[in-house]
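J.: 3D, please:
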Amino acid sequence: MENNAILSALSARKSVRVFTPDLVTPDERAAILNAAFQAPTAGNQQLYTILDITDPALKATLADLCDHQPMIAKAPWALIFVVDYAKWIDLFEHVGCFEPEFVERTGKAPRRAPGLGDFAIAAQDAVIAAQNAVVAAEALGLGSCYIGDIVENAEEVTELLGLPPYTMPLSML
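T.: Coordinates of the predicted model:
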């Protein structure tokens, strides 16, 4: 199987912590994001959001919040994968599941807020999308590094990014 391009890309992939100053081209960015969006998700709900970060000041603040890792500030591009089960609530609000009329009409209680199991499913979906992005970057000859430290200061990162309730930054590339 040594000539299999996907297996070769997976085998060649390493965490890169030193980046060239070259910008990622629009076509490369589109290909990486498309690969992430093609990742399978539970019920095709896609309960994650990908934040596309290029602002130098924002990357510098994220570098400080993620255990003072200067490589984050020096990277030309960062992606933050956010568990976003606010989408779930938005969907049910959109179809009227929280409205008193829904309860009267169906005799069913309104939908509950998402719980830990819902968070776990959304987190799995976000990580699968991140892995697709990493593999796509590797296939394009671009290095990447997972930054799990974004979770350690999730509250501060959430505030910095202005994230709504029922969301949480989970991983950064």
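J.: could you use CA atoms for every contact and neighbour count after this?
T.: OK.
J.: which helix or strand contains the residue nearest to the spatial centre of the chain?
T.: Centre of the chain computed as the mean C-alpha position; nearest residue by CA atoms, centre = their mean is F81, 1.4 Å away. Assigned by DSSP states H and E, F81 falls within strand 78-84.
J.: re the thing from before, quick check: the gap between the closest residue to the residue nearest to the centre of the chain other than its chain neighbours and D84.
T.: Excluding the flanking residues, the one nearest F81 by CA to CA, 6 or more residues apart in numbering is I50, at 4.7 Å. Counting by CA to CA, to the nearest Å, the gap from I50 to D84 is 9 Å.
J.: over to N34?
T.: For N34, the distance to D84 - CA to CA - is 18 Å.
J.: which of these two has more neighbours?
T.: D84 (25 against 15; other CA atoms under 10 Å).
J.: who's the more buried one bridged to?
T.: T167 (DSSP bridges).
J.: Y48 is in contact with that one, correct?
T.: Yes - between D84 and Y48 there is a contact under CA atoms under 8 Å: 4.5 Å.
J.: joint contacts of those two?
T.: A122 (CA atoms under 8 Å, 6 or more residues apart in numbering).
J.: from T106, how far out is L51?
T.: 38 Å.
J.: state which helix of this protein is the longest.
T.: The residue-count maximum for a helix in the chain (DSSP state H) belongs to helix 116-139.
J.: buried stuff in that one?
T.: For helix 116-139, the neighbour count (16 or more other CA atoms under 10 Å) marks 119, 121-139 as buried.
J.: chain neighbours aside, what residue packs nearest to R17?
T.: M71 (5.9 Å).
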